[in-house]
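**Student:** Below: sequence and its predicted model.
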Amino acid sequence: MNKSELIDAIAAEADVPKAQAGKIVDAMVSVVGDTLAKGDQVSLVGFGTFLVREREARTGRNPRTGQSIQIAASKTPSFKAGKALKDRVN
């Protein structure tokens, strides 16, 4: 499912116009992104939690040359599915 299909599904489920559903999806993506950028997490009970995970610096290997390279520490967005979502999928 891509973004436009998600907007169509939300519009049908919530019985709202597609334009309004599109604004809602854009707002949710924006708010989740801003919250993660601040280092906080977003928890949706029954769905899951969006959070930021820390990746430590590590040594990697350039696949073309085989030379060792240093990979810097970084933060990466992550999603941890909630129990209700896991049960629904299984």
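**Tutor:** Done, it's in.
**Student:** Mean confidence (pLDDT) on the helix or strand containing Arg88, please.
**Tutor:** Per DSSP states H and E, Arg88 falls inside helix 83-89. The average pLDDT within helix 83-89 is 94.
**Student:** neighbouring contacts of it?
**Tutor:** For helix 83-89, the external contacting residues (CB atoms under 8 Å, 6 or more residues apart in numbering) are 46-48, 81. C-beta coordinates here come from the backbone N, C-alpha and C atoms, glycine included.
**Student:** now do stretch 53-69
**Tutor:** Residues outside stretch 53-69 that contact it (CB under 8 Å, 6+ apart): 70-78.
**Student:** which of those are buried?
**Tutor:** Buried residues within those, counting neighbours by 16 or more other CB atoms under 10 Å: none.
**Student:** can you dump the C-alpha coordinates of the helix holding Arg88 into CSV?
**Tutor:** Extracted in CSV, the C-alpha atoms of helix 83-89 (Å, rounded to 0.1, in the frame of the first residue of the first chain):
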residue,chain,number,x,y,z
LYS,A,83,1.0,-6.8,20.9
ALA,A,84,-2.4,-6.2,19.4
LEU,A,85,-0.8,-5.5,15.9
LYS,A,86,1.4,-8.6,16.2
ASP,A,87,-1.6,-10.7,17.1
ARG,A,88,-3.6,-9.2,14.2
VAL,A,89,-0.9,-10.0,11.7
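**Student:** Throw the contacts of helix 83-89 into JSON lines and include neighbour count and secondary structure, thanks.
**Tutor:** Converted to JSON lines, the contacts of helix 83-89 look like this (neighbours: other CB atoms under 10 Å; DSSP: H, G, I helix; E, B strand; the rest coil):
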{"residue": "Gly46", "neighbour count": "10", "secondary structure": "coil"}
{"residue": "Phe47", "neighbour count": "14", "secondary structure": "coil"}
{"residue": "Gly48", "neighbour count": "17", "secondary structure": "strand"}
{"residue": "Ala81", "neighbour count": "13", "secondary structure": "strand"}
